[in-house]
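Chemist: Okay, predicted coordinates and the sequence, questions at the end:
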Amino acid sequence: MKLTTPMQITAADSDSRTITGRIVAFNEHANASTGKVVFARGSIQPQDVFLNLEHDNTRRIGKSIAMSVNDKEMTATFKIANTTAGTDALTEAMEGLRDGFSIELAVDNYEMQKDGTMKVLNGQLTAVALVTEPAVRSARVSEVAASEDSETETVTETTNPNEGDKMDNTTEPVAPAVEPVAAPEVAPVQASRPAYYTAPRSPIVDKVSYLEHYLRASVLHDEDSRQYVKAADNTTSTAPGMIPTPQSTQVINALANADRGTIDGISRETLVAEGMTFELPRVTAVPTVLPINENDAVTESSLSATFLSVSVQPFKGRAISTVELIDRSRPEYLTALLQNLEFAYAKETDEYALAAMQAAVTTTTAQAANSATGFLGYTSKAAAAVYGASLGFARSLIVSPTQWGNIMGYNDNGAPLYNAAQPSNAAGNVRGDSLRGVVSPGLNLYVSRSFGNAGTTTADADSSMVVVNPDSYTWYESPRFTLRSNINSDGTIDILYYGYGALAAKVPNGAQFNNLP
């Protein structure tokens, strides 16, 4: 089971290229990728790990050089690589732009507490990430050292005393200045060595012949070999096989990601550890209070409740690899495989949650016009309907990518409403480079690709937005698990990625769906 939880940086040093901070706080509640979590004292032991950027295993920027642990916390110091990404990370940490630590933990043993908090009893630290949003805000970067050294090294060209007037091979000869004669023409410059105007017929055809002529040019000062080497350095066709084709570890993936707009737009809780169903008490009748005159009988009333039964749904993904692929491939292959299983898990759980919401809602708010006026009319009416049904305020608007584009195009006489530069004209904030925003009347915007995929009826499939009270719908989720089978007789290895989720429609009409074509 993989678990991530953020902590805070306490010091950064650009001279030594190190970042130091607390990465684990024992017996202190925090928010993790699975929900609320607390680490038992001694549940994690120090070990050398890489420092990744935002939990992306393909973007390593450093590695640990020291760790210490006591009864309260574990701290670590990381050496940052002298790369562009590493330098940017140091700058961001020192300026407070990206100043949080978040651990990645393979949980071996845990227990669920009554309030839904997962208490980790034993786990293996697998990596640490530098992140923008930590859970613990008490510590900030306390120390910023001076910037990198600005010293430069000066290289002086010298001539070989054994060569007499012969120029050194590493520099080109500079012709002496020529005084003009009577005519306004400049006398031609005499070169000190032969000039090649066409590529010489090169004997360099492989690495061995390249090395041979390189040694002849540098040791024996052979002029022909120098030209051959120069030609081979400048072209690739004269030296086949000399220039390799490197492969980057960065993976291009335009087919999947971990976005879950629907689940992000509603409330979330940790799933209980037992059973395939669980029950939530729901009030069905409340006591009444009436104006009663003196000595008149008081009307009887009572509080009634039933239990809402919520089904737990397993979600599973399976990938088959071979021993050859695991043994002979780069480590990034397995990372990419597990990452894409996670992406598939995110897509399926988000579609499941949206479909469950659509199935529970019995009323909708209609508004036909796809315009700024029509949109404002729909969201205003839907927000009022949600409050009337749930006695709670609508705080989220979940929309399809198409409606996201429509909203960004809403304008007042050409002036944009939701991505305006001047606050006086801004009705909210919706951007093309973010799936989050704010729209009138004060709703938090979430973009979900699940619209059009989750519905089972035509009306469901056409729905493109929903105004929702997040407290009316709750997504319960367990930690995710990875199970690897033993090597099979045919040399294959089974990898099973799975988890459990449940959608509780606590107040079914606490959401209002609509479609603006």
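Modeler: That came through, no problem.
Chemist: can you list the weak-confidence ranges in the protein?
Modeler: In the predicted model, the chain carries pLDDT under 70 at residues 1-15, 33-34, 133-202, 231-249, 331, 366-369, 419-434, 453-463, 484-486, 515-517.
Chemist: Now do the helices in it.
Modeler: Under the criterion DSSP state H, the chain carries helices at the ranges 84-94, 207-218, 223-234, 261-264, 323-328, 331-360, 372-390, 401-409, 458-462.
Chemist: nearest to L290, of the ones you listed?
Modeler: Between L290 and the helices of the chain, the shortest gap by CB to CB is with helix 372-390, which sits at 22.2 Å. To be clear about C-beta, it is placed using only N, CA and C from the backbone, and glycine gets the same treatment.
Chemist: F307: neighbour count?
Modeler: The local packing of F307 (other CB atoms under 10 Å) involves 10 other residues.
Chemist: hey, what's it bridged with?
Modeler: Going by DSSP bridges, F307 is paired in beta bridges with P281.
Chemist: my guess is it meets V283, correct?
Modeler: No. In this structure, F307 sits apart from V283 without contact. The criterion is CB atoms under 8 Å, and the distance is 11.1 Å.
Chemist: give me every residue that touches the residue most central in space within the chain.
Modeler: If you average the C-alpha coordinates of the chain and look for the closest C-alpha using CA atoms, centre = their mean, you land on E54, 5.6 Å from that point. Taking CB atoms under 8 Å, 6 or more residues apart in numbering as the criterion, E54 is in contact with A129, L130, V131, T132.
Chemist: and if we set it to 7 Å?
Modeler: Going by CB atoms under 7 Å, 6 or more residues apart in numbering, E54 touches A129, V131.
Chemist: do the same with L397
Modeler: Contacts were defined as CB under 7 Å, 6+ apart; by that measure L397 touches T379, V439, L443, N444, L445, M465, V467.
Chemist: what separates the second one from Y446, distance-wise?
Modeler: Spelled out, it's V439. The spacing between V439 and Y446, counted by CB to CB, to the nearest Å, is 11 Å.
Chemist: Pop the domain breakdown of this structure in here.
Modeler: Domain segmentation of the chain under automatic domain parsing yields 2-131, 195-241, 261-288+302-514.
Chemist: about what we covered before: and the helices of the chain: which comes nearest E104?
Modeler: If you check each of the helices of the chain against E104 by CB to CB, helix 331-360 wins as the nearest, at 11.5 Å.
Chemist: roughly how far out does that closest one sit from the chain middle?
Modeler: 15 Å (CA atoms, centre = their mean, to the nearest Å).
Chemist: Buried residues in it, which are they?
Modeler: By 16 or more other CB atoms under 10 Å, the buried positions in helix 331-360 come out as 334, 336-360.
Chemist: Which strands or helices does it pack on?
Modeler: In terms of contacts (3 or more CB pairs under 7 Å, 6 or more residues apart in numbering; DSSP states H and E), helix 331-360 is packed against strand 56-69, helix 261-264, strand 313-322, strand 492-505.
Chemist: Any chance of these in TSV with mean neighbour count and distance to E294 as columns?
Modeler: Listed next are these as TSV, based on neighbours: other CB atoms under 10 Å; distance: least, CB to CB, whole Å:
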stretch	mean neighbour count	distance to E294
strand 56-69	17	71
helix 261-264	24	55
strand 313-322	15	57
strand 492-505	19	45
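Chemist: Format these as CSV; extra columns: distance to I252.
Modeler: Formatted as CSV, the entries for the helices and strands packed on helix 331-360 read as follows, by distance: least, CB to CB, whole Å:
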stretch, distance to I252
strand 56-69, 11
helix 261-264, 23
strand 313-322, 19
strand 492-505, 22
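Chemist: And these: which comes nearest I19?
Modeler: Each of the helices and strands packed on helix 331-360 was scored for nearness to I19 using CB to CB, and the closest is strand 56-69 (7.4 Å).
Chemist: angle of that closest one against helix 84-94?
Modeler: 50 degrees (axes from the mean of the first three to the mean of the last three CA atoms, to 10 degrees).
Chemist: Which residues does strand 56-69 contact?
Modeler: For strand 56-69, the surrounding residues in contact (CB under 7 Å, 6+ apart) are 46, 48-53, 74-81, 85-86, 89, 127, 130, 249-251, 332, 335.
Chemist: Show me which of the residues you listed are buried.
Modeler: Those of the contacts of strand 56-69 that meet the buried threshold are 46, 49-53, 74-81, 86, 89, 127, 130, by 16+ other CB under 10 Å.
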